[in-house]
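Peer 1: after the sequence you'll find the predicted model.
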Amino acid sequence: MAKLNTPIKIIAGADDFGTPLKDALISHLRSLNIEIEDLGTSSYYSAGADVGRRVSQSISSSSPDVRGLVVCGTGAGVSIFANKFPGVFATTCLTPSDAVNARSINNSNVIAFSGKYTSTETAIEIANTWLNTPFKAACPANDNKPWPEEIGKFLDKSLVEMPEIGKGEPVDTCAVCCLVKNRELNPIDLIPGGSMKIVRETPTSAFVRFKAGSVEPAHHHTFGHDLVVLEGKKSVWNVTKKERYDLTVGDYLFTPAGDVHRVKYHEDTEFFIKWDGHWDMFFDEDLDTAKIAIDKELGIAK
């Protein structure tokens, strides 16, 4: 076998599904005298993120000869998370041709493998190919012919432009808010002004929105529930305990099963809520009665 055109160092990681293949690849690469930093085993998102972060840091510290290798069940999740970091071009490769294309076209510096669907022998062949293929080499995507000059210039330019994508755009630093931002919530027919998206059933998790001025009449649930306010301002009256809670962004509240409570939304409000069981709702008063009671509590009764 020809001497590999190796990077100085490879940072490797995997989840439980990918660890056996990762360990086999590390053994092979070390036999070629390649320096390996093994980050061990973690969840698939942590494995991809940890490798991507370290490769990105090496780029910013003028160490371009550091690459990444990461393995999960399919190779898809870890590559997605690795690509969240500036300067990282992570690609899932299932065949040697994938590896040639990834290096030639994208100058891939992180390779992702499928621990469930790729044999050790095939993975070693893919890794060797990926290490040996230079940027802009002839590749299957171009019928294994040299790239025309204009395409070569385009590829060079893409390496400069791709890391700039997204820079300067507003970034929501709250991970939960990012999850809900583009979700379509469905109206809550029982309560005007409310909408909800259930994201998990039994135990139930949901994102909920209410328009300013909305009121939830006194009601109770079969199961207790936790909530965290993501946006806005609301007041909750626990009628059973005769307590009032004024909640705003970041505030948390647990309401036990069976406790009767009513709610007033002072602003457009969004929150994440989790029930111990399935979602249900039993009303203890009508909407008009709730509005009168809340106005009285707030000192604005007519």
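Peer 2: Ah, there it is.

Peer 1: and the next element down the chain from the lowest-mean-pLDDT helix or strand in the chain?
Peer 2: Within the chain, no helix or strand scores below helix 175-181, which has a mean of 58 by mean pLDDT, DSSP states H and E. Sequence-wise, the next helix or strand beyond helix 175-181 is strand 186-187, with elements assigned using DSSP states H and E.

Peer 1: I'd like to know which elements that following strand is packed against.
Peer 2: For strand 186-187, the packing partners by 3 or more C-beta pairs under 8 Å, 6 or more residues apart in numbering; DSSP states H and E come out as strand 194-200. Bear in mind the C-beta positions are built from the backbone N, C-alpha and C, glycine included.

Peer 1: who does the strand it packs on pair up with?
Peer 2: Its sheet considered, strand 194-200 pairs with strand 186-187 (antiparallel), strand 205-210 (antiparallel) by DSSP bridges.

Peer 1: C-terminal to the longest one, what's the next element?
Peer 2: Using DSSP H and E, the helix or strand that follows strand 205-210 towards the C-terminus is strand 215-220.

Peer 1: could you check the angle that next one makes with strand 205-210?
Peer 2: Inter-element angle recorded for strand 215-220 and strand 205-210: 140 degrees (by axes from the mean of the first three to the mean of the last three C-alpha atoms, to 10 degrees).

Peer 1: avg pLDDT for strand 215-220?
Peer 2: Across strand 215-220, the average pLDDT comes to 95.

Peer 1: strands of the stretch 201-302 of the chain, residue ranges please.
Peer 2: 205-210, 215-220, 225-231, 233-238, 243-248, 252-255, 261-265, 269-275, 282-283 (DSSP state E, counting those that start in this stretch).

Peer 1: residue contacts, Phe89?
Peer 2: With contact taken as C-beta atoms under 8 Å, 6 or more residues apart in numbering, Phe89 is in contact with 83, 102, 106-110, 162.

Peer 1: quick one, phi/psi of it?
Peer 2: Phe89 has phi and psi values of phi -120, psi 90 when expressed as degrees, to the nearest 10.

Peer 1: just to revisit the earlier point, for the strands paired with strand 194-200, which one sits closest to Thr122?
Peer 2: strand 205-210 (39.4 Å; C-beta to C-beta).

Peer 1: how about residues contacting the closest one?
Peer 2: For strand 205-210, contacts defined as C-beta under 8 Å, 6+ apart pick out 179-180, 183, 185, 188, 191, 193-200, 216, 232, 234, 263, 265, 268-275, 279.

Peer 1: buried members of those residues into PyMOL, please.
Peer 2: Buried members of the contacts of strand 205-210, defined by 16 or more other C-beta atoms under 10 Å, are picked up in PyMOL with:
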select buried, resi 180+185+188+191+193+194+195+196+198+216+232+234+263+265+269+270+271+272+273+274+275+279
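
Peer 1: tell me how many other residues surround the nearest residue to His261 once chain neighbours are set aside.
Peer 2: Spatially, and ignoring its direct neighbours in sequence, His261 is nearest to Asn238 (4.9 Å; C-beta to C-beta, 6 or more residues apart in numbering). Residues lying near Asn238 (other C-beta atoms under 10 Å) number 17.

Peer 1: what about the residue nearest to Ala257 when sequence neighbours are not counted, distance to Glu125?
Peer 2: Spatial nearest neighbour of Ala257, excluding adjacent residues (C-beta to C-beta, 6+ apart): Gly224 at 4.5 Å. Taking C-beta to C-beta, to the nearest Å as the measure, Gly224 falls 55 Å from Glu125.

Peer 1: look up how far Cys139 lies from the residue nearest to Ala257.
Peer 2: From Gly224 to Cys139 the distance is 58 Å (C-beta to C-beta).
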